[in-house]
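> Pasting the sequence and the predicted coordinates here, then a few questions.
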Amino acid sequence: MTAHYQSHGDVAVITLDNPPVNGLGLSTRQGIVAALEQANADAAIRAVVLTGAGKAFSGGADIREFGSPKALQDPNLLSVILALENFAKPIVAAIHSVCMGGGLELALGAHYRVAAPGCKVALPEVKLGLIPGAGGTQRLPRVLGVEAALNMIVSGEAVNSEMLAQVPGQKLFDKLAASAESLMDEALAFARSVADVRPLPLVRNLPAKHPQGDAYFQFARNMVKGMSKNFPAPAKCVDAVEAATKKKFADGMAFEREIFINLMWTSECRALRHLFVAERAASKIPDVPEDTPKRNIQSVAVIGAGTMGGGISMNFLNAGIPVKMLEMKQEALDRGIATIRKNYEAQVKKGKLKQDKYEQRMALLSTTLDYADLKDADLVIEAVFEEIGVKQKVFEALDAVMKPGAILASNTSTLDVNKIANFTKRPQDVVGLHFFSPANVMKLLEVVRGDATAKDVLATVMSVAKKIKKTAVVSGVCDGFIGNRMVEQYVRQGGFLLDEGCTPEQVDKAIEKFGFAMGPFRMGDLAGNDIGWAIRKRRAIEHPDMKYSKTADLLCEKGRYGQKTGAGWYDYVPGKRDAIPNAEVIQMIEEHRKALGITARKVSDEEIVQRLVFSLVNEAAHILEEGIANKASDIDVVYIFGYGFPVHRGGPLKYADEVGLFNVTQAMKRFAQNPLDDAAFWQPAPLLARLAAEGKTFN
């Protein structure tokens, strides 16, 4: 069992012990109930303290049991909380470090609560598309007040115990301990002091009222609606907390449960639960065990002080790791440092960064014009121009100076990492670290594993990614890796849609309504249309059979590269990101259509969305089959964190599972009939065809 019993004289201590965060799995729940029976049977025991071992009181439900019969098996969490409330002797919850979700609901079932300072307290269920399901919406308003409780439940954010202890009239904590170290002693003393108090206090018996009542809940609903348009759970949190103020406790509990179960079956909740598990699973690599020894990364070198080099450097400075930046010319270094300063100063101005922290970070940054000065770095990341000849020079120079055991990484977004590794005499130390722009903001990091990349190198960079707060996904070597290889098909479909009768604005609006952060044409303008142009020129040599719309090349020939030139598919006003449709571009598309002898047709938003999204799905199926990605959920993580795919849809492959793979392949067969599209591309990938035929899913 993962809960232990120990007696300390006349007080029994029940300790949850299910690392890493004492998740309330079946064996933990059984352990609590068994320990309560033991304490009840012992006449010498006058009170009970309930606490958690290690680094948490409890983080709530055990995610390893998600979707399994164990999750609901009795005693379920509701039954355990009932057992606490009905216990004949006082129970004191000794809360520390982490007290979240079901862990907080459990503590609210105890008669008293003593908290250590610095404990993070939250009901984060809304982040999984749910509301708290074991009394959180009914009990928290009773101990914290309706407004403070609703804010916590709707945001799902953690609040420090010291802050909560200061809420006027709060009854959440009966005592705030002096320190984490003294928590147990103080909880035992507190338990003895209340051992004879009867009746035992119950949170469920406290009143829950808001002075403005209906008016307050109407205001809360309007606020929540504006902020969470694609997610049903936040508005349901308001309904559940309102029920706590209007219904008898038992009826409020039944109402909460009904909402919880209904939300469980929504596609949004399935998408969010999928991503929660997928993000954690992304760091697991099948043939690299968790206990693989890691190399020590104490200092980092970055080659290139441009946009990418500067952004990459900031990630390490933020994590307190010293960075040495190298450039060919002093002016380039000066420009790079000025940009980093400007970024930090903007954060200071907004109050997001304290002045002393900013100075500490800048003090960790040094620069050089000489490769020899990098020799002691543990990790070096190259962020120079995306051209194989330029990369060759850099890696040959690094190979000559870097100490043995240093990791040599390339920030390439499409080039062959095996080729790059072979420019050195140590291909086992070379890896791709593809940061996304802006590198100091975007959460995704594609880790590209070369044929020779050593397992300890992989284990090390995955752990470094965590340190710099990135979500890392491993990709094999192919043109464009996972993300850019898929996005090329998506952009290609965007081009065909222009040929057939759409405007850039129509395509962008349709996919943005579906939930994308931005459509393919606004994305092109942001990234720079000249980058795609260079890739297409390279493709023309390597894959002359690859079909593209000519419109993007015609745009580039006009020098319309996007936001950086103030003109791309759209026009831009300096200092603003608003995309303004341009009549000349529309005319250019129409003339191109005429030259091809194509009569424009009306294309529905549904067709636009399906062609763009299913092109991602089909390419992803090829990527999985070739072993470029380890698992379907990794691809979903790449698309959510790197490409603005709508979170409430869970990623391209999760979305395909929801639509049904049979329906996806049927649509693809229809698109293959279109003479202006690419029929060969729309042949379902063998893996997709097989899963659809067997009625299975990707995830």
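It's in. Computed from a predicted model, the values in this text were never measured in an experiment. Residues are numbered from 1 along each chain as shown.
> What is the subsequent helix or strand relative to the lowest-mean-pLDDT helix or strand in the chain?
Within the chain, no helix or strand scores below helix 529-542, which has a mean of 84 by mean pLDDT, DSSP states H and E. Downstream of helix 529-542, the first helix or strand assigned by DSSP states H and E is helix 551-557.
> and the helix or strand just after that following helix, average pLDDT?
Using DSSP H and E, the helix or strand that follows helix 551-557 in sequence is strand 570-571. Strand 570-571 carries an average pLDDT of 96.
> by contact count, what packs against strand 570-571?
Under the contact criterion of 3 or more CB pairs under 8 Å, 6 or more residues apart in numbering; DSSP states H and E, strand 570-571 touches helix 520-527, strand 580-581. Heads up, the C-betas are built off the backbone N, CA and C, glycines and all.
> The first one - contacts with which helices or strands?
When you say that, I think you mean helix 520-527. Going by 3+ CB pairs under 8 Å, 6+ apart, helix 520-527 lies up against helix 483-500, helix 504-514, strand 570-571.
> let's see 10 Å
Using 3 or more CB pairs under 10 Å, 6 or more residues apart in numbering; DSSP states H and E, the elements in contact with helix 520-527 are helix 483-500, helix 504-514, helix 529-542, helix 551-557, strand 570-571.
> Return the most buried member of the ones you listed.
Burial of the helices and strands packed on helix 520-527 is given as mean neighbour count (mean count of other CB atoms under 10 Å); helix 483-500 ranks first at a mean of 22.
> can I get the CA coordinates of it in CSV?
Listed next in CSV are the C-alpha coordinates belonging to helix 483-500 (Å, rounded to 0.1, in the frame of the first residue of the first chain):
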residue,chain,number,x,y,z
GLY,A,483,7.1,20.2,-37.8
ASN,A,484,8.4,21.8,-40.9
ARG,A,485,8.0,18.6,-43.0
MET,A,486,4.3,18.7,-42.1
VAL,A,487,3.9,22.4,-42.5
GLU,A,488,5.2,22.2,-46.1
GLN,A,489,2.2,20.1,-47.1
TYR,A,490,-0.2,22.5,-45.3
VAL,A,491,1.3,25.5,-47.1
ARG,A,492,1.2,23.6,-50.4
GLN,A,493,-2.5,23.1,-49.9
GLY,A,494,-2.9,26.8,-49.2
GLY,A,495,-1.3,27.6,-52.5
PHE,A,496,-3.6,25.2,-54.4
LEU,A,497,-6.7,26.8,-52.7
LEU,A,498,-5.5,30.2,-54.2
ASP,A,499,-5.3,28.7,-57.6
GLU,A,500,-8.8,27.3,-57.3
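> So for F260, what's the nearest residue that isn't a sequence neighbour?
Sequence neighbours aside, G133 is the residue nearest to F260 in space, at 3.6 Å (criterion: CB to CB, 6 or more residues apart in numbering).
> wait, the one you found sits on L263?
Yes: the pair G133 and L263 qualifies as a contact (CB atoms under 10 Å) at a distance of 8.9 Å.
> Would you map the strands across the stretch 301-450 of the chain?
323-326, 365-368, 379-382, 407-410, 430-435, 444-448 (DSSP state E, counting those that start in this stretch).
> what's the closest of those strands to A191?
strand 444-448 (47.4 Å; CB to CB).
> other SSEs contacting that closest one?
So strand 444-448, by 3+ CB pairs under 10 Å, 6+ apart, packs with strand 407-410, helix 417-421, strand 430-435, helix 455-467, strand 471-475, helix 483-500, helix 632-643.
> what pairs with it, and is each one parallel or antiparallel?
strand 430-435 (antiparallel), strand 471-475 (parallel) (DSSP bridges).
> Go through the ones you listed and name the closest to A579.
strand 430-435 (25.2 Å).
> now the closest one against helix 455-467, angle please.
Here the directions of strand 430-435 and helix 455-467 differ by 20 degrees (axes from the mean of the first three to the mean of the last three CA atoms, to 10 degrees).
> before we move on, the earlier item: what residues are shared contacts of G133 and L263?
Here G133 and L263 have E125 as joint contacts, going by CB atoms under 10 Å, 6 or more residues apart in numbering.
> any chance of the strands paired with strand 444-448 in CSV, plus mean pLDDT and mean neighbour count?
Listed next are the strands paired with strand 444-448 as CSV, based on pLDDT from 0 to 100; neighbours: other CB atoms under 10 Å:
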stretch, mean pLDDT, mean neighbour count
strand 430-435, 97, 26
strand 471-475, 97, 25
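> Which one of those strands lies nearest to V159?
strand 471-475 (24.4 Å).
> show me where pLDDT drops low in the stretch 51-200 of the chain?
Within the stretch 51-200 of the chain, no stretch has pLDDT under 70.
> Do a quick rundown of the helices in it.
77-85, 102-109, 136-144, 146-155, 161-165, 183-193 (DSSP state H, counting those that start in this stretch).
> Need these in JSON lines (columns: mean neighbour count).
Below are those laid out as JSON lines (neighbours: other CB atoms under 10 Å):
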{"stretch": "helix 77-85", "mean neighbour count": "19"}
{"stretch": "helix 102-109", "mean neighbour count": "28"}
{"stretch": "helix 136-144", "mean neighbour count": "27"}
{"stretch": "helix 146-155", "mean neighbour count": "21"}
{"stretch": "helix 161-165", "mean neighbour count": "16"}
{"stretch": "helix 183-193", "mean neighbour count": "20"}
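> What is the end-to-end distance of stretch 253-272?
24 Å (CA to CA, to the nearest Å).
> Give the buried residues for it.
253, 255-257, 259-260, 263, 266-272 (16 or more other CB atoms under 10 Å).
> Pipe those residues into TSV and attach secondary structure per row.
Shown next, in TSV, are these (DSSP: H, G, I helix; E, B strand; the rest coil):
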residue	secondary structure
M253	helix
F255	helix
E256	helix
R257	helix
I259	helix
F260	helix
L263	helix
T266	coil
S267	helix
E268	helix
C269	helix
R270	helix
A271	helix
L272	helix
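> Determine which two of these are furthest apart.
Largest separation among the buried residues of stretch 253-272 by CB to CB: M253 and A271, giving 27.3 Å.
> so who does L36 touch?
Residues in contact with L36, defined by CB under 10 Å, 6+ apart, are 3, 5, 12, 14, 48, 50, 80, 83-84, 86-89, 91.
> again, 7 Å this time
A83, F87 (CB atoms under 7 Å, 6 or more residues apart in numbering).
> Over to it. Which of the three states is it?
From three-state DSSP, the assignment for L36 is helix.
> roughly how far apart are it and L84?
As judged by CB to CB, to the nearest Å, L36 and L84 stand 8 Å apart.
> Nearest to E290, out of the strands paired with strand 444-448?
strand 471-475 (14.4 Å).
> Could you give the separation of stretch 516-529 from the chain centroid?
Taking the mean of its C-alpha atoms, stretch 516-529 sits 21 Å from the chain's own mean (CA atoms, centre = their mean, to the nearest Å).
> What residues sit buried inside that stretch?
So stretch 516-529, judged by 16+ other CB under 10 Å, has buried residues 516, 518-529.
> Using PDB, write out every CA atom in that stretch.
Provided in PDB are the C-alpha atoms of stretch 516-529 (Å, rounded to 0.1, in the frame of the first residue of the first chain):
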ATOM      1  CA  PHE A 516      -5.400  28.100 -35.300                       C
ATOM      2  CA  ALA A 517      -3.400  31.100 -34.000                       C
ATOM      3  CA  MET A 518      -2.900  32.300 -37.600                       C
ATOM      4  CA  GLY A 519      -3.500  30.900 -41.100                       C
ATOM      5  CA  PRO A 520      -0.900  29.800 -43.600                       C
ATOM      6  CA  PHE A 521      -0.600  33.200 -45.300                       C
ATOM      7  CA  ARG A 522      -0.300  35.300 -42.200                       C
ATOM      8  CA  MET A 523       2.200  32.700 -40.900                       C
ATOM      9  CA  GLY A 524       4.300  33.100 -44.100                       C
ATOM     10  CA  ASP A 525       4.400  36.900 -43.700                       C
ATOM     11  CA  LEU A 526       5.500  36.500 -40.100                       C
ATOM     12  CA  ALA A 527       8.300  33.900 -40.800                       C
ATOM     13  CA  GLY A 528       9.400  35.600 -44.100                       C
ATOM     14  CA  ASN A 529       8.200  34.400 -47.500                       C
END
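> That'll do, ta.
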